[in-house]
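A.B. asks: Generate a structure from the sequence data that follows.
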Amino acid sequence: MNLGSLLVSAVTIIVALLVFLFIVVFHEFGHFIVAKLCGIRVNKFAIGMGPVLLKKQGRETEYSIRLLPIGGFCAMEGEDEESSDSRAFGKKSVWKRMAVVVAGAVMNLILGFLLILITTLLYGDISTVTIADFTYDKDSGTSTSTSQTCGLQKDDTILYLDGMRILTDTDLSYKLQNSESDTMEVVVRRNGEKVTLPAVTFRNTATEGRLDFYVYGEHLTVWRVLRYSFLDTISTGRLIWSSLSDLLTGRLGFHDLSGPVGIVSTIGEAVSYGETLRQHVISVLSLASFITINVGIFNLLPIPALDGARLVFLVVEAIRRKPIPPEREGMVHLIGMALLMLLLLAVTFQDISRLIEK
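C.D. replies: Numbering: from 1, shown residues only. Coordinates of the predicted model:
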């Protein structure tokens, strides 16, 4: 490997680590800023994990940069233990504590929206779900689209595929790539009316791929960009939720999981994708938006040690109007954290094995 290749590899790894770090820190910043707004004392706010490289003491919060760029944390007074401080986490109302707990995930979702918005602007136009044309053989000019022969028409706007609401091209691509059935029920809007096509097969007979049509692109306007970014954030979140459902039902297994090493490796691949700087940036931002929305949704799952489990305890407290003993909640989170760390170690070993095999 020559010097140029080494430099490219080093830059790729650095960018990948920074992107991953930024996503996690943005999550922790959500907890931090809402805690401050709710009058909760924040003792420490760290970027990175492990030994401290730099630190600065603020009026009440110690800010630090740490050695390992794999995360960060926001440590609040009385978060996991009893405290007599009137500004401790446990002394605030249950609604304020709920706001702090969900703030990290909300910030991840907001970041995902912003990244999708920036990516949309960089693309220069917006993909719709309205059919512009079908695929044809270049030499003979004959149609190679089976969906056209099944009744789809130019200018049809696809509303549903096998019962799934199609909001953006993200939904369209996901459903076409992941459907186990060759034939789907399709609902379209045609001339202002809903039309149901009970049996549509998507296949390009020339390539044998499922994409056998083209969609219109729209010019950018403020409203179109905001609307598409909002809908695509929902589409991405729904895609992630479907993946979690597939894990629970067994359609996806342990080998499909990735940890920090796998995520950084995937971001690194995205950095090197494309030929121009604009294409590199679009690739990285697209993947980063997916990851940050993933982080937000995953953290809201009711798994001990995650924000979702803390939210469940607070909901129970709001209903019974009495907090669950901190030692019991702490034990649940401790066990959950231990199990998550074991899973993380196993997934990391799998990620490293994949890198070695490449």
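A.B. asks: Only C-alpha atoms from now on, for both contacts and neighbour counts.
C.D. replies: Will do.
A.B. asks: Tell me where the stretch 51-200 of the chain has helices.
C.D. replies: Taking DSSP state H, counting those that start in this stretch to define them, one finds helices in the stretch 51-200 of the chain at 94-123, 146-149, 169-178.
A.B. asks: who does the first one touch, helix- and strand-wise?
C.D. replies: Judged by 3 or more CA pairs under 8 Å, 6 or more residues apart in numbering; DSSP states H and E, the packing partners of helix 94-123 are helix 3-37, helix 222-249, helix 277-299, helix 307-320.
A.B. asks: buried set for the first one?
C.D. replies: So the one you mean is helix 3-37. 12-13, 15-17, 19-35 (16 or more other CA atoms under 10 Å).
A.B. asks: Determine how far that helix lies from the middle of the whole chain.
C.D. replies: Centre-to-centre, helix 3-37 and its host chain are 15 Å apart (CA atoms, centre = their mean, to the nearest Å).
A.B. asks: now swap in stretch 132-152 and tell me
C.D. replies: Using CA atoms, centre = their mean, the offset of stretch 132-152 from its chain centre is 35 Å.
A.B. asks: could you measure residue 310 against residue 80, distance?
C.D. replies: 11 Å (CA to CA, to the nearest Å).
A.B. asks: Those two: which is more packed in?
C.D. replies: Counted by other CA atoms under 10 Å, residue 310 and residue 80 do not tie: residue 310 has more neighbours, with 22 against 15.
A.B. asks: can you list the weak-confidence ranges in the stretch 101-250 of the chain?
C.D. replies: 246-250 (pLDDT under 70).
A.B. asks: again, 80 this time
C.D. replies: Residue ranges of the stretch 101-250 of the chain with pLDDT under 80: 180, 243-250.
A.B. asks: got it, and the stretch 251-358 of the chain?
C.D. replies: Using pLDDT under 80, the stretch 251-358 of the chain drops low at 251-275, 277, 325-330, 333-334, 336-337, 339-341, 343-358.
A.B. asks: if we go to 70?
C.D. replies: In the stretch 251-358 of the chain, residues with pLDDT under 70: 251-273, 351-352, 354-358.
A.B. asks: coming back round to it: so which of the helices of the stretch 51-200 of the chain has the densest surroundings on average?
C.D. replies: helix 94-123 (a mean of 21; mean count of other CA atoms under 10 Å).
A.B. asks: Report the contact partners of residue 87.
C.D. replies: Contacts for residue 87 were tallied using CA atoms under 8 Å, 6 or more residues apart in numbering; they are 39, 40, 41, 77.
A.B. asks: Out of these, who's the most crowded?
C.D. replies: residue 40 (26 neighbours).
A.B. asks: confidence score at the residue lying closest to it once chain neighbours are set aside?
C.D. replies: Excluding the flanking residues, the one nearest residue 40 by CA to CA, 6 or more residues apart in numbering is residue 87, at 4.9 Å. Looking at residue 87, its pLDDT stands at 93.
A.B. asks: Relative to residue 234, how far out is residue 87?
C.D. replies: In terms of CA to CA, residue 87 sits 36 Å off from residue 234.
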